[in-house]
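Visitor: need a structure here:
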Amino acid sequence: MAAVQAAEARALGPGHTAEMPGEDELALVAHDARLAAMIVVACGLAVAVAALPRRSASSGWLGGVVALMIANATLGRVVDGGSLVLAATGLVVVSCAAVAASVRAVERRDRARDTGVDANGPGPLFLVVAGVLAAGTLPVLVLQGMGSQRYVDWVPADLATANVVTALGLAVATVAAAVLLARGVVGVVLGVAMPVAALVVLVQPSGPWQVRDGIWVMGVVLVLASAPLVLDAPPGRSGSRWWRIAAAAGLIGVGGLLTFVPQLLVPPIVAGGMFGMLLTAPAGAYINYDGLPVIGGGLLIAAMLFLLRFATRGIASPPAAPLELHGTAGQPAQRK
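Guide: As a prediction, this is how the structure comes out:
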């Protein structure tokens with residue numbers, strides 16, 4: 001933020017024009033980038049707790065996300081101007097410690113009540129959460145505009161790099177969730193190939209690596225990133241080949257529509273951006289005349305993807321025989 005404020009001071013100096021960033025505009029972009037980084041960590045936490053019993057996973061993930069929000073609001077000024085690697089490591093350590101503490105608290109409570117291990121067992125719920133969060137946020141990075149002529153000469157190098165690293169982190173989270181949710185070789189191939197293709201479209205390697213600023217990119221990236229979650233046939237459905245064909249046709253149609261009419265994504269992005277202010281306002285962000293937050297729109301798009309997946313197949317167990325944990329605490333798990 002110190003580097004961002006220095007860049008703003010230069011932009012607002014003598015010779016300032018309307019094509020240059022306005023007062024606190026770059027600061028708002030920086031807060032938006034911080035929210036995007038928080039979403040990356042939240043995706044990683046969701047993947048990490050996915051193998052835990054449902055109650056433990058829920059408590060651990062929520063504890064980690066709450067710790068993440070508190071850290072964002074309180075630690076920013078402490079690490080400002082220091083090592084980005086150390087700051088990121090500290091953020092992850094704080095979040096993981098909160099996850100471990102929350103999981104331990106739930107397990108101790110269950111043992112005290114002699115309820116045994118969570119009968120719900122592990123499930124794909126948190127993998128789906130990670131997948132939709134990453135796939136929904138990935139296309140919205142385009143609207144931060146760090147590669148546009150308005151920002152390119154003023155955005156500090158660390159902030160521009162953070163945008164690309166965030167895109168890479170979201171793509172990795174999408175691949176991890178899609179591969180772990182896959183029900184066969186086709187699913188694994190799609191889970192790797194489609195998010196990688198989305199990343200290739202999103203990031204342009206010419207000159208310094210940066211996220212493209214073409215608004216048409218959003219629809220293509222959204223469809224490619226979410227494809228593994230949509231094309232995976234529901235368990236027990238006969239004719240999965242025809243299901244995939246129909247789902248692929250629907251994806252192509254939606255992708256074409258969003259590519260040629262990207263304005264359809266503007267309402268959820270603006271509405272979600274206002275919601276994103278709830279997470280960044282405690283850290284000092286506020287709506288500026290020259291700029292609006294956008295990354296929060298990925299949260300709303302992710303919610304839509306989650307509802308779409310739930311409506312078409314529900315949060316069902318993986319195809320393989322699920323690991324059912326039962327009996328009293330301390331007894332070994334058995335596979336049925």
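Visitor: Find the residue ranges of the chain scoring beneath the pLDDT cut-off.
Guide: The model of the chain has pLDDT under 70 over residues 110-123, 206-207, 233-240, 313-336.
Visitor: Going toward the C-terminus from the longest helix along the chain, what's the next helix or strand?
Guide: Determined from DSSP state H, the single longest helix within the chain is helix 84-112. As assigned by DSSP states H and E, the chain's next helix or strand after helix 84-112 is helix 125-137.
Visitor: Using CSV, write out the CA atom coordinates for that following helix.
Guide: Output of helix 125-137 as CSV, limited to C-alpha atoms (Å, rounded to 0.1, in the frame of the first residue of the first chain):
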residue,chain,number,x,y,z
LEU,A,125,-18.9,-30.3,-0.6
PHE,A,126,-15.7,-28.4,0.1
LEU,A,127,-14.1,-29.4,-3.1
VAL,A,128,-17.1,-28.0,-4.9
VAL,A,129,-16.8,-24.8,-2.8
ALA,A,130,-13.1,-24.5,-3.8
GLY,A,131,-13.9,-25.2,-7.4
VAL,A,132,-16.7,-22.6,-7.8
LEU,A,133,-14.9,-19.9,-5.8
ALA,A,134,-11.8,-20.3,-8.0
ALA,A,135,-13.8,-20.6,-11.3
GLY,A,136,-16.1,-17.7,-10.4
THR,A,137,-13.3,-15.3,-9.4
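Visitor: what sits up against that helix?
Guide: Contact partners of helix 125-137, identified using Cβ atoms under 8 Å, 6 or more residues apart in numbering, comprise 36, 39-40, 42-44, 46-47, 49-50, 54, 57, 61, 170-171, 173-174, 176-178, 180-181, 195, 222, 225-226, 228-229, 295, 298-306, 309, 315. No exception for glycine: its C-beta is placed from N, CA and C like everyone else's.
Visitor: ranges for the strands of this structure?
Guide: Secondary structure of the chain (DSSP state E): strands at 203-204, 210-211, 323-324, 334-335.
Visitor: Can you name every helix or strand that the second one contacts?
Guide: Contacts of strand 210-211 with other secondary structure elements, assessed using 3 or more Cβ pairs under 8 Å, 6 or more residues apart in numbering; DSSP states H and E, are made with helix 157-181, strand 203-204.
Visitor: Pull the residues that contact the shortest one.
Guide: I take that to be strand 203-204. Counting by Cβ under 8 Å, 6+ apart, 147, 164, 167-168, 209-212 sit against strand 203-204.
Visitor: Out of these, who's the most crowded?
Guide: residue 167 (25 neighbours; other Cβ atoms under 10 Å).
Visitor: correct me, but that one touches residue 202?
Guide: Yes - contact criterion Cβ atoms under 8 Å: residue 167 and residue 202 qualify, at 5.6 Å.
Visitor: between those two, what contacts are shared?
Guide: 138, 141, 211.
Visitor: Out of these, the closest to residue 24 would be?
Guide: The nearest member of the shared contacts of residue 167 and residue 202 to residue 24, counting by Cβ to Cβ, is residue 141 at 20.9 Å.
Visitor: mind listing what the closest one touches?
Guide: Taking Cβ under 8 Å, 6+ apart as the criterion, residue 141 is in contact with 36, 163, 166-167, 170, 202, 211, 295.
Visitor: Next, give me the two most distant ones among those.
Guide: Most distant of the contacts of residue 141, by Cβ to Cβ, are 202 and 295, 14.1 Å apart.
Visitor: of those two, who's got more company?
Guide: Higher neighbour count among residue 202 and residue 295: residue 295, with 28 against 25, using other Cβ under 10 Å.
Visitor: Does that one touch residue 145 like I think?
Guide: No - counting by Cβ under 8 Å, residue 145 is not a contact partner of residue 295; they are 12.0 Å apart.
Visitor: ok, now how distant is residue 74 from residue 12?
Guide: Distance from residue 74 to residue 12, counting by Cβ to Cβ, to the nearest Å: 29 Å.
Visitor: Lovely, talk soon.
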